[in-house]
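> show me how the following folds:
(2 chains)
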Amino acid sequence: MYEFEFEKPSTVTEAVAALADEDAQALGGGQTLIPTLKQRLAMPSKLVSLSGIAQLKELSGNGGMLTIGGAVTHAEVAAAAAVSYPALADLASHIGDPAVRNRGTIGGSLANNDPAACYPAAALGSGATIVTNAREITADDYFRGLFETALEEGEIITAVRFPVPEKANYQKFLQPASRFALVGVFAAKYAAGVRVAVTGASEEGVFRWHEAEAALDASFAPDALDGLSVDAGGMIGDLHGSKEYRAHLVGVMTKRAVAAAG
Amino acid sequence: MAKVSMTVNGKAASGDVEGRTLLSSFLREQLGLTGTHVGCDTSQCGACVVHVDGKAVKACTMLAQEAEGAEVATIEGQANADGSLNTIQQAFQDHHGLQCGFCTPGMVMSAAALLKDNPKPTEAEIRDYLEGNLCRCTGYHNIVKAIMAASGQDVSSIAAE
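This next block holds a predicted model:
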């Protein structure tokens, strides 16, 4: 790692001020950022840890809405959402491995927006709202491609608000070495309609499969998806799976998610 | 440099560290606690697992300053007060849960974290929990058996004797 300063503020205001320095970067749980720094793929002048800010560790639910602070870990979501939003808890409980889940945070995952990460599928599939120190961003506006989000420089995710669906499920086809999703599909049924979000598959990062949503609006059953497929053209093709293979998996995993959601 | 202070295996510990100093480096190089092994340094192998405030974490993927004020437990603090092996360590010996031993500190610390939350795990739960701990010698079988035994469960039913 290159050298950097370390700062651990205790309020969002202090963190925003610390991040105003040139080349300062926010540090969530560090489960992606620290390995990236070790490979010298990033050279921040300063890391501003968000782990000491009590406001970002809050988690609350009421009226069909689950609000999760940006610095809440995957393990904490897995435990706290088990009753209120089981599909989200299940997704969180299968990210990485237990030690990673004890450090990695929801805000860190969403800010990084890895194209194969699980949380982007949950946020987009739930129509979540990303709350920052400056504004609120709908998930539909938030994800902008590979590792790209609507966040401005120095903007911090303070919380994520998830509307709790009638039913939902996440199905991940594991890339066995990285434990990221080769393809992951989050399907959620709301009174206002079905949402289907796909991670791991597209060269543009997480996306909604609108055609499947329309079919599932008519009938929330796996066979409603018969004959539907995504275009292999925009899919990721690499040594782990071709574009066509990933496109096929999108259909298979969506059916499994709908079946498991019941 | 910044001063960092924490409690390690029940004793106060402090030192001067850089922003980039990892918890694993602080434990090994400044405190001399070389039982925490660094196998891959890429957050995959789990040989460096320690407990921070009771939770298993990869010490190579956490900055030392993030552990300011924390209670840290490493493999050096696992033995009984008289120096004899604790239940998990003894089970690893009894059931041949190690060969070269490099992964063992992380395996024991992960096992301790698992048994604290889930005192009677099933074989499947143990295998699932060890997803982030790699062993290149044993094929995991005897590690799983050791953890089953350490939890006071019968190990005769574990497959592939």
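
> now do the contacts for residue 109.
By default, I'm working from chain A. A:S109 makes contact with A:28, A:32, A:74, A:95, A:117-120 under the criterion Cβ atoms under 8 Å, 6 or more residues apart in numbering or on different chains. (Each C-beta comes from the backbone N, C-alpha and C, glycine too.)

> that's the wrong chain, I wanted chain B
Going by Cβ under 8 Å, 6+ apart, the list of residues near B:M109 reads B:49-51, B:56, B:73-75, B:78.

> out of those residues, which sit inside strands?
B:49-51, B:56, B:73 (DSSP state E).

> out of those residues, who's near chain A?
Applying Cβ under 8 Å from any Cβ of the partner chain to the ones in strands among the contacts of B:M109, one finds that B:49, B:56 fall near chain A.

> okay, the ones in strands among the contacts of B:M109 in a markdown table with distance to B:D154 and neighbour count next?
What follows is those, written out as a markdown table (distance: Cβ to Cβ, whole Å; neighbours: other Cβ atoms under 10 Å in any protein chain shown):
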| residue | distance to B:D154 | neighbour count |
| --- | --- | --- |
| B:V49 | 27 | 32 |
| B:V50 | 30 | 31 |
| B:H51 | 28 | 24 |
| B:A56 | 26 | 30 |
| B:A73 | 29 | 21 |
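
> how is chain A divided into domains?
When chain A is parsed with automatic domain parsing, its domains come out as A:5-49, A:56-163, A:167-261.

> closest to B:D117 out of those domains?
With Cβ to Cβ as the criterion, B:D117 lies closest to domain A:56-163 of the domains of chain A, at 9.3 Å.

> now do the same for that closest one: mean pLDDT, whole number.
Averaged over domain A:56-163, pLDDT sits at 97.

> deepest of the domains of chain A, which one?
Burial of these is given as mean neighbour count (mean count of other Cβ atoms under 10 Å in any protein chain shown); domain A:56-163 ranks first at a mean of 21.

> distance from the chain centre to that domain, please.
Distance, stretch centre to chain centre, for domain A:56-163: 6 Å (Cα atoms, centre = their mean, to the nearest Å).

> what residues of the longest helix that chain B contains count as buried?
Assignment by DSSP state H gives helix B:104-117 as the longest helix of chain B. With burial defined by 16 or more other Cβ atoms under 10 Å in any protein chain shown, the residues of helix B:104-117 counted as buried are B:104-115.

> how near is A:P222 to A:K167?
13 Å (Cβ to Cβ, to the nearest Å).

> kind regards, and thank you for your time.
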